[in-house]
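Q: When you get a sec, could you give me coordinates for this:
(2 chains)
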There are 2 protein chains.
Amino acid sequence: MSERTVFFLSDQTGVTAETLGHSLLTQFNSQDFRQVTLPFIDSDDKAEEAVRKINAAAEKGGLRPIVFSTLVQDDFRSTIRQAEGLHLDIFDAFLEPLERELQQKSTHEPGRAHGMSDIDSYMKRIEATNFALANDDGGITRNYEVADVILIGVSRSGKTPTCLYLALQYGVYAANFPLTDEELDSGTLPDILLSQKEKLVGLTIAPTRLQQIRKERRALGQYSSAQQVRYELREAEKIFSKYDVPHINTTELSIEEIASRILNTTGVERRVRP
Amino acid sequence: MSERTVFFLSDQTGVTAETLGHSLLTQFNSQDFRQVTLPFIDSDDKAEEAVRKINAAAEKGGLRPIVFSTLVQDDFRSTIRQAEGLHLDIFDAFLEPLERELQQKSTHEPGRAHGMSDIDSYMKRIEATNFALANDDGGITRNYEVADVILIGVSRSGKTPTCLYLALQYGVYAANFPLTDEELDSGTLPDILLSQKEKLVGLTIAPTRLQQIRKERRALGQYSSAQQVRYELREAEKIFSKYDVPHINTTELSIEEIASRILNTTGVERRVRP
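A: Alright, predicted model coming up:
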């Protein structure tokens, strides 16, 4: 069977080319693609090597490769153009209208296209990550007064990865506190949370999905039983209503989407820009 | 003074529009922009609300806004077009050539444009994140036999955030082990690491930069003294040479770039695609 290869080319990490390409390719959901990322194309040799790889894929697969690229320098871009493929490059498409609008020539220098590079952003992300780690799972430190947001929810509702993502991507200080028997049986939240009530966001999830996630961790026992999972989620949702805590159902969401919805719901400002 | 606003519009999280826009705007480094993200534009009301915000920014700032958007649905896209601004939309630019190439109409449905959504990827990322947390800082568990990569380096060389990023972004199992007095004074690595030598990647950093980072944590004392920092880095680099461990200098790199270089250096395969 013929196979189509998609290439993501970059003079940097390739994250932008991948993000762009993936957004577009999800619009063609019946198609299967082999995906190859070629990052750090910053010399003639590497550009020519990329051309060879693209041409080899074209020959082998029998279908023209699709090449998403974000190459700033004109000479590398024109080398790559010689490869057999459909070339889609954001600099080709958008630099000219931007130059006209801003009445300025672009630098055409491989820039720090990805955010986490400047020192100030780097420090903010690191500090936010340390905060998330120290304040994970109701952790030892509970510096909730400096938190931007405090996630609450039952075990495996998505709190930890969401907090880490908020830290790494946006520099946001996110703590999380698990709702366990103590809160669920009594239907009350501890004072340490109530004193920061405006920072709380609840996470909930469909029972079948939670059960599936918990089974990955511990296949047997009460922890992943249908009854236990339904009980915990029902009581957690009662707590959200009682205290009027905004909450997000994570069942069909990615970590990125949960994080984005939290910022959108709370109005918390990101400390760094991508 | 006139001010230019840049909008990032999306029917999803806005991450793609931001990534795209940021890559392009770094090419115009003398310009300052106010940045506004408007995510989850999934109704006529929200599209019209966005138009009002863009027009208000145009009027207030005195300069035409730049609008990066990733709106899949034609009707929302044509509503947004009515706003005063330079419109740059990846679907406008790239969908048509892709449709021709793939000989298929795109679905035009707001898709899961961001990777972390499907259940399998979600689980893999969560598992990789749990692995990174359990194996952080030479942690309690040392499941190095299942690690994809083990980062070694002195305190604050960037190990923890890089491991978490590798987990969240790529589903890669990354452990980290700090080089402390025990290793630095003796110039040797423990057996638990040597038995997994092919997975080791060293992180190093310029002394002045490390000192700056450490001072944020503890301003005084030996930990952030110039002498101590230079000693630790010198001994760590000797260890990298002695055992022939590939290493990356993180001084001028973002977390994304460190992660990307690790994949590139080791050839470790990502478990999930963005």
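Q: going forward, measure contacts and count neighbours with C-alpha atoms only.
A: OK.
Q: can you map out the strands along chain A?
A: Using DSSP state E, the strands assigned to chain A run over residues A:4-10, A:33-38, A:66-70, A:86-89, A:149-153, A:174-178, A:200-204, A:247-249.
Q: Output the ones you listed in TSV; the columns should cover mean pLDDT.
A: Output for the strands of chain A, formatted as TSV (pLDDT from 0 to 100):
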stretch	mean pLDDT
strand A:4-10	95
strand A:33-38	92
strand A:66-70	95
strand A:86-89	95
strand A:149-153	97
strand A:174-178	96
strand A:200-204	98
strand A:247-249	96
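Q: Adding distance to chain B and mean neighbour count, write those strands out as JSON lines.
A: Shown next, in JSON lines, are these (distance: least, Cα to the nearest Cα, whole Å; neighbours: other Cα atoms under 10 Å in any protein chain shown):
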{"stretch": "strand A:4-10", "distance to chain B": "10", "mean neighbour count": "25"}
{"stretch": "strand A:33-38", "distance to chain B": "9", "mean neighbour count": "16"}
{"stretch": "strand A:66-70", "distance to chain B": "8", "mean neighbour count": "27"}
{"stretch": "strand A:86-89", "distance to chain B": "7", "mean neighbour count": "20"}
{"stretch": "strand A:149-153", "distance to chain B": "16", "mean neighbour count": "25"}
{"stretch": "strand A:174-178", "distance to chain B": "15", "mean neighbour count": "26"}
{"stretch": "strand A:200-204", "distance to chain B": "16", "mean neighbour count": "24"}
{"stretch": "strand A:247-249", "distance to chain B": "13", "mean neighbour count": "16"}
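Q: how about JSON lines for those strands, with distance to residue A:162 added?
A: Shown next, in JSON lines, are these (distance: least, Cα to Cα, whole Å):
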{"stretch": "strand A:4-10", "distance to residue A:162": "27"}
{"stretch": "strand A:33-38", "distance to residue A:162": "26"}
{"stretch": "strand A:66-70", "distance to residue A:162": "29"}
{"stretch": "strand A:86-89", "distance to residue A:162": "32"}
{"stretch": "strand A:149-153", "distance to residue A:162": "9"}
{"stretch": "strand A:174-178", "distance to residue A:162": "9"}
{"stretch": "strand A:200-204", "distance to residue A:162": "10"}
{"stretch": "strand A:247-249", "distance to residue A:162": "12"}
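Q: Okay, now the unreliable bits of chain A?
A: A:1, A:30, A:110-117, A:274 (pLDDT under 70).
Q: Tell me which residues touch the closest residue to residue A:74 other than its chain neighbours, please.
A: Closest residue in space to residue A:74, ignoring its immediate chain neighbours: residue A:108 at 7.6 Å, by Cα to Cα, 6 or more residues apart in numbering or on different chains. By Cα atoms under 8 Å, 6 or more residues apart in numbering or on different chains, residue A:108 lies in contact with A:72, A:73, A:74, B:27.
Q: Mark which of those are buried, thanks.
A: Buried members of these, counted by 16 or more other Cα atoms under 10 Å in any protein chain shown: A:72, B:27.
Q: Would you point out the most distant pair within the contacts of residue A:108?
A: Largest separation among the contacts of residue A:108 by Cα to Cα: A:74 and B:27, giving 13.2 Å.
Q: how far away is the residue positioned nearest the centre of chain A from residue B:13?
A: Among the residues of chain A, the one closest to the centroid is residue A:256, at 3.9 Å (Cα atoms, centre = their mean). Distance, residue A:256 to residue B:13, using Cα to Cα, to the nearest Å: 7 Å.
Q: Phi first, then psi, for the closest residue to chain B within the stretch 151-274 of chain A.
A: Nearest residue of the stretch 151-274 of chain A to chain B: residue A:254, at 3.9 Å (Cα to the nearest Cα). Reported as degrees, to the nearest 10, the phi and psi values for residue A:254 are phi -80, psi 170.
Q: So it versus residue B:261, what's the distance?
A: Relative to residue B:261, residue A:254 is positioned 25 Å away (Cα to Cα).
Q: What segments of the stretch 151-274 of chain A are helices?
A: For the stretch 151-274 of chain A, the helices defined by DSSP state H, counting those that start in this stretch cover A:159-170, A:181-186, A:191-194, A:207-217, A:226-242, A:255-266.
Q: Neighbours of residue A:181, how many?
A: 12 (other Cα atoms under 10 Å in any protein chain shown).
Q: oh sorry, the question was meant for residue A:63
A: 17.
Q: Next: residue A:157.
A: 24.
Q: again with the one 5 residues further on
A: Per other Cα under 10 Å, the neighbour tally for residue A:162 reads 26.
Q: try residue A:100
A: Using other Cα under 10 Å, residue A:100 has 10 other residues around it.
Q: Next, work out how far apart it and chain B are.
A: As judged by Cα to the nearest Cα, to the nearest Å, residue A:100 and chain B stand 10 Å apart.
Q: How about the backbone phi and psi for residue A:218?
A: Phi and psi for residue A:218, reported as degrees, to the nearest 10, are phi -150, psi 110.
Q: Please name the residues that touch it.
A: Residues in contact with residue A:218, defined by Cα under 8 Å, 6+ apart, are residue A:224.
Q: Please apply the same query to residue A:63.
A: By Cα under 8 Å, 6+ apart, the contact list for residue A:63 reads A:2, A:3, A:4, A:5.
Q: if you set the cut-off to 6 Å instead, what comes out?
A: residue A:4 (Cα atoms under 6 Å, 6 or more residues apart in numbering or on different chains).
Q: about what we covered before: which stretch among the strands of chain A approaches residue A:130 most closely?
A: Of the strands of chain A, the one closest to residue A:130 (Cα to Cα) turns out to be strand A:174-178, at 10.2 Å.
Q: tell me the angle the closest one makes with strand A:200-204.
A: With axes from the mean of the first three to the mean of the last three Cα atoms, to 10 degrees applied, the angle from strand A:174-178 to strand A:200-204 works out at 60 degrees.
Q: Give me the distance from stretch A:120-134 to the chain's centre.
A: With Cα atoms, centre = their mean, to the nearest Å as the basis, stretch A:120-134 stands 16 Å off its chain's centre.
Q: And chain B, is that stretch touching that?
A: No: if you take Cα under 6 Å from any Cα of the partner chain as the test, stretch A:120-134 misses chain B, and the best it gets is 6.7 Å.
Q: Just the buried residues of that stretch, please?
A: A:121-134.
Q: How about the residues of chain A by chain B?
A: Checking chain A against chain B by Cα under 6 Å from any Cα, the hits are A:13, A:16, A:19, A:23, A:27-28, A:106-107, A:113, A:116-117, A:253-254, A:257, A:260.
Q: By neighbours, which of those wins?
A: residue A:16 (27 neighbours).
Q: Spatially, what comes nearest to that one if we skip its sequence neighbours?
A: residue B:19 (5.9 Å).
Q: all helices of the stretch 1-150 of chain A, in order?
A: Using DSSP H, counting those that start in this stretch, the helices of the stretch 1-150 of chain A run over A:15-25, A:44-61, A:74-81, A:90-102, A:119-134.
Q: Outside of the longest one itself, list whatever touches it.
A: When contacts are defined by Cα under 6 Å, 6+ apart, helix A:44-61 is touched by residues A:2, A:3, A:41, A:64, A:65, A:80, A:83, A:84.
Q: do you know how far residue A:48 is from chain B?
A: In terms of Cα to the nearest Cα, residue A:48 sits 18 Å off from chain B.
Q: same thing with residue A:82?
A: Per Cα to the nearest Cα, residue A:82 is found 18 Å from chain B.
Q: how many other residues sit next to that residue?
A: So residue A:82, with other Cα under 10 Å, has 14 neighbours.
Q: Over to it: give its phi and psi.
A: The phi and psi torsions at residue A:82 (degrees, to the nearest 10) take the values phi -70, psi -20.
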